[in-house]
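# One predicted model, sequence on top.
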Amino acid sequence: MELVLERESAVEQDTTEAANYFASLIQPGDLILLNGNLGSGKTFFVKAVCGNYGINNVSSPSFAIVNEYNGTKKIYHFDFYRIKKISELYDIGFEDYLNDSDAITFVEWADLWSEIFPAKYYKINFEFVSGEKRIIRITKQ
């Protein structure tokens, strides 16, 4: 696994800067897996990345499971938090989303169903280290 970025984030601006840098690296067809505790910054990070593509209506897809956004890039934004069994992902056509080479796909709570992913992806972990401070670690598989 290749380390792409490791950054301490104490304020939203730190996370935004990391997201802006990451947005300059990713391309359509990329899959990004996000993991971290509730409130660790996963949705905020996706929102900041999407801002780079003229997308300003990003919200958590925890109830809808997937949100689709269109700007200068097409984005699929999943949240696996409420998925109870893997068949639910097949029922919504998750593989079709993954096979869309014109879109960038973000998946929050990806570790819950990691067996569904292909071998190539970015993985972003958000880890609290103290108080509001967290480490954002991005790797490429």
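Sure thing, it's come through.

# Bridged to residue 7, which residues?
With DSSP bridges as the criterion, residue 7 is bridged to residue 136.

# That one: what's it in contact with?
14, 17-18, 135-136 (CB atoms under 8 Å, 6 or more residues apart in numbering). No exception for glycine: its C-beta is placed from N, CA and C like everyone else's.

# so what pLDDT did the residue nearest to the spatial centre of the chain get?
Note on the chain: the residue nearest the mean C-alpha position is residue 106, at 3.6 Å, using CA atoms, centre = their mean. Per-residue pLDDT puts residue 106 at 98.

# does residue 75 sit in a helix or strand, and which one?
According to DSSP states H and E, residue 75 maps onto strand 74-79.

# Give the pairing partners of that strand; include direction for each.
Strands adjacent to strand 74-79 in the sheet, as given by DSSP bridges, are strand 66-70 (antiparallel), strand 103-108 (parallel).

# list the buried ones in the shortest one?
Buried residues in strand 66-70, defined by neighbour count with 16 or more other CB atoms under 10 Å: 66-67, 69.
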